[in-house]
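A.B. asks: Quick one, structure for this:
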Amino acid sequence: MNYMEVEDQYSMGIIPKREVVIVRGHGARVWDDDGREYIDCVGGHGTANVGHCHPAIIDAITKQAQQLTICPEVFHNNVRAELLKILADISPEGLNQIFLCNSGTESIEAALKFARAATGRQEIIATMRGFHGRTFGALSATWNPKYRKPFEPLLSGFSHVKYNDIEAMEGAISEQTAAVILEIVQGEGGVRPGNGDYFQQVQNSCRERGALLIIDEVQTGFGRTGKMFACDHYDLQPDILCVAKAMAGGLPMGATLCTTAAAAVPVMSHGSTFGGNPVLCAASLATIRVIQEEMLAERAMEMGAYFRERLESIRTPGVREIRGMGFLIGVELKGKVTPFLRGLMARGVMALPAGNTVLRFLPPLVISKEEIDIVVGHVEAILNEVKG
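C.D. replies: From the prediction side, this is the model:
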């Protein structure tokens, strides 16, 4: 079977595909159907924090699948209970009311609904370049017109202000504001970290004016930035924390973590058939244990700094800036990113764009120093090739 032809024939074509069929993965590497090996700096768009096919995750999934595969939340469940407790234990203080779902955009949808229900207000303030998902509520909070235009009109009550600009935010928050939603690092928006003072001031302003602070850690959560959650870098205490991607070792899972006040939502006003699925809860428990026992957040801090230092050592006029936090790294180029992505894949390295000119690296947190050196060597080579 020609897998590429079959997929192209039957899938809608909404997501452009690269000319490769990935069939296997281990650690920070993947293989195609011809047996060719790649260093994976896509990492399942940031889901593969513990690496591909980690044995502890495989074992947890297998054991739970042999016991119970579905248990809707109308019943209690032992594995779900364990996960809820550990999520409350590892998250910022006060986030002890948790809704489990299936994806990042679902966690954002829940957060927006909860914020409106808890405050009785309608307005949501998001930021320019922010990305929060593609379903209607999350898309209304997302800034980029290319995602929004085909589906307008979107939900009312949403506005966007300049990111990392406290004056713009102060001028926007009012007594009608239900919530402010922020990313600690704008991933899709170009890998742009915010400033710690900015986040603290936004948090203070929200508290003063009765608005909730929603922190979107769908991509940055579970060790990616060098802490379990990126907001831990700044001792933030959000009212709502949205997580997903790396939560269950590559399986589809998300969560919306709330304070008691933010969770003041009417009974049966929200729900999820598959949220809190026992197999996914078992995978998530195993994932969190691996992150803790293998100290992957600390590793992301140390090795992410090494990765950036190696990238910064490349001497080429084709790079404007290198920025990021932990193992979320962006290389802003002076030209379009697509030729660089193609060139890297031809050399056995997979990476992502973050806009039209930013090369984004989201490797598994288990990537080795030797693999980083190989990646940087290929980045340097392709930068010189494309430049030439």
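A.B. asks: Could you use CA atoms for every contact and neighbour count after this?
C.D. replies: Fine.
A.B. asks: can you pull the pLDDT of the residue most central in space within the chain?
C.D. replies: Centroid check for the chain by C-alpha atoms, centre = their mean gives Gln219 as the closest residue, at 1.1 Å. Gln219 carries a pLDDT value of 98.
A.B. asks: Look up how far Glu73 lies from it.
C.D. replies: Separation of Gln219 from Glu73 (C-alpha to C-alpha, to the nearest Å): 26 Å.
A.B. asks: looking at it, Ala263 is touching Lys113, isn't it?
C.D. replies: No - judged on C-alpha atoms under 8 Å, Ala263 makes no contact with Lys113 at a distance of 10.1 Å.
A.B. asks: between these two, who's got more neighbours?
C.D. replies: Legend: neighbour count by other C-alpha atoms under 10 Å for Ala263 and Lys113, higher for Ala263 (22 against 16).
A.B. asks: mind checking pLDDT for Ile291?
C.D. replies: Predicted confidence (pLDDT) for Ile291: 98.
A.B. asks: what kind of secondary structure is it in?
C.D. replies: Using DSSP: H, G, I helix; E, B strand; the rest coil, the structure places Ile291 in helix.
A.B. asks: swap in Tyr147?
C.D. replies: Of the three states, Tyr147 takes helix under three-state DSSP.
A.B. asks: Enumerate every residue touching it.
C.D. replies: Neighbouring residues of Tyr147 by C-alpha atoms under 8 Å, 6 or more residues apart in numbering: Arg134, Leu139.
A.B. asks: Show me what Arg192 is bridged to.
C.D. replies: The partner list for Arg192 in beta bridges (DSSP bridges) reads Gln186.
A.B. asks: Now do it against Asn102, distance only.
C.D. replies: From Arg192 to Asn102 the distance is 26 Å (C-alpha to C-alpha).
A.B. asks: Comparing these two, which residue is more hemmed in?
C.D. replies: Higher neighbour count among Arg192 and Asn102: Arg192, with 24 against 21, using other C-alpha under 10 Å.
A.B. asks: which residues sit in contact with the more buried one?
C.D. replies: Applying C-alpha under 8 Å, 6+ apart, we find Arg192 in contact with Val185, Gln186, Arg323, Gly324.
A.B. asks: For stretch 335-345, give me every contacting residue.
C.D. replies: Outside stretch 335-345, the residues that touch it by C-alpha under 8 Å, 6+ apart are 38, 318, 350-353, 356-359, 378-379, 382-383, 386.
A.B. asks: and what of stretch 2-15?
C.D. replies: Outside stretch 2-15, the residues within contact range by C-alpha under 8 Å, 6+ apart are Glu19, Val20, Val21.
A.B. asks: The closest residue to the last one other than its chain neighbours and Glu19: what is the separation?
C.D. replies: Distance criterion C-alpha to C-alpha, 6 or more residues apart in numbering; nearest residue to Val21, sequence neighbours excluded, is Asp32 at 5.2 Å. When C-alpha to C-alpha is applied, the distance between Asp32 and Glu19 equals 10 Å.
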